[in-house]
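Enquirer: Any chance you could fold what I've pasted below:
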Amino acid sequence: MPLITYRDRDVLLVPSILAADFAQLGNEVRAADAAGADWFQADIMDGRFVPNISFGPLVVAALRPHTTRLLDCHLMILEPERYVDDFVKAGAGQITVHAEACLHLHSVVHQIKAYGIRAGVALTPATPLSAVEEIIDDLDLLLIMSVNPGFGGQHFIPHSLDKLRRARALLDAHGSQALLQVDGGIAADTIRDVVAAGATSLVAGSAVFGHKDGVEAAINSLRHALVDLA
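Expert: Presented below is the predicted three-dimensional model:
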């Protein structure tokens, strides 16, 4: 069940497993699923596009039996087109690539869609929306990074709100049904502002898996923060 419906748009909560306890990954994901997570995001980092290394298709495949929810593989890697097939086989229902990492972005988006799954494009804080204007009609999701990618637990960059508003206007002007996702620093104290700015998919890592009272309390806290917006 979506967190809320705001201005006739469902708002989805997407926990990032990067913040989960990897020794208990299956249990963590099952707990978040039961508490009301809509999707799960797997943050794939290569140590080249971003200054960190996370995990690859084997972890995604191991996670797949623990939830029926969509798995969105956020590829923070160079040459993502080389690994699309691997992540599809691992169980990805959506693959999100970075505009900055793709020499031929249109081609990569359609490579993903050819598998019959959803395709998203992410923009880092310094990348303008013009990077996706020519392919906006091809997207199932537009991800606005509200931190610089590479590490969890960062603080939300405030001027991301203006970028979200402009992204919302761009999608609406094209009549796009693509989700507008935001990732980075999403917690109870930022969630209202990003939804009011037009976000419809909220990635939260530390705010879900790092909550002192557990995953269910974390998701309830995020839902409570949005009550007055619904």
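Enquirer: buried set for the lengthiest helix in the chain?
Expert: Longest helix in the chain by number of residues (criterion: DSSP state H): helix 160-173. Neighbour-count burial for helix 160-173, counted by 16 or more other C-beta atoms under 10 Å, picks out Ser160, Leu161, Lys163, Leu164, Ala167, Arg168, Leu170, Leu171. C-betas here are computed from N, CA, C, even on glycine.
Enquirer: what's the answer for stretch 76-95, then?
Expert: Of the residues in stretch 76-95, those buried (16+ other C-beta under 10 Å) are 76-78, 80-81, 83-84, 87-88, 90-95.
Enquirer: what helix or strand is the closest residue to His211 other than its chain neighbours on?
Expert: Leaving aside its sequence neighbours, His211 sits nearest to Ala218 (C-beta to C-beta, 6 or more residues apart in numbering; 3.4 Å). Applying DSSP states H and E as the criterion places Ala218 in helix 215-225.
Enquirer: returning to that earlier point: not counting its own residues, what contacts the longest helix of the chain?
Expert: The contact list for helix 160-173 (C-beta atoms under 8 Å, 6 or more residues apart in numbering) reads 123, 125, 129, 133, 136, 142, 144-146, 178, 180, 182, 184, 193-194, 197-199.
Enquirer: so after it, what's the next helix or strand?
Expert: Downstream of helix 160-173, the first helix or strand assigned by DSSP H and E is strand 179-183.
Enquirer: what's that next one packed up against?
Expert: strand 118-123, strand 141-145, helix 160-173, strand 201-204 (3 or more C-beta pairs under 8 Å, 6 or more residues apart in numbering; DSSP states H and E).
Enquirer: could you dump those to a markdown table with distance to Asp189 and mean pLDDT?
Expert: What follows is these, written out as a markdown table (distance: least, C-beta to C-beta, whole Å; pLDDT from 0 to 100):
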| stretch | distance to Asp189 | mean pLDDT |
| --- | --- | --- |
| strand 118-123 | 23 | 98 |
| strand 141-145 | 18 | 98 |
| helix 160-173 | 13 | 98 |
| strand 201-204 | 12 | 96 |
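Enquirer: could I have the helix holding Ala218 exported to PDB, CA atoms only?
Expert: Taking C-alpha atoms only, helix 215-225 is exported to PDB below (Å, rounded to 0.1, in the frame of the first residue of the first chain):
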ATOM      1  CA  VAL A 215      12.000  -1.400  10.500                       C
ATOM      2  CA  GLU A 216       8.200  -1.400  11.300                       C
ATOM      3  CA  ALA A 217       8.600   1.700  13.500                       C
ATOM      4  CA  ALA A 218      10.700   3.400  10.800                       C
ATOM      5  CA  ILE A 219       8.100   3.000   8.100                       C
ATOM      6  CA  ASN A 220       5.300   4.000  10.500                       C
ATOM      7  CA  SER A 221       7.300   7.100  11.300                       C
ATOM      8  CA  LEU A 222       7.600   8.100   7.700                       C
ATOM      9  CA  ARG A 223       3.900   7.400   7.100                       C
ATOM     10  CA  HIS A 224       3.000   9.600  10.100                       C
ATOM     11  CA  ALA A 225       5.200  12.500   8.800                       C
END
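Enquirer: Does anything pack onto that helix? Which helices or strands?
Expert: Counting by 3+ C-beta pairs under 8 Å, 6+ apart, helix 215-225 packs on strand 9-15, helix 25-35, helix 191-196, strand 201-204, helix 206-209.
Enquirer: how about 7 Å then?
Expert: Secondary-structure packing of helix 215-225 (3 or more C-beta pairs under 7 Å, 6 or more residues apart in numbering; DSSP states H and E): helix 25-35, helix 191-196, helix 206-209.
Enquirer: hmm, who's touching stretch 112-121?
Expert: Identification of contacts with stretch 112-121 by C-beta atoms under 7 Å, 6 or more residues apart in numbering yields 84, 88, 92-97, 99, 105, 109, 132, 139-143.
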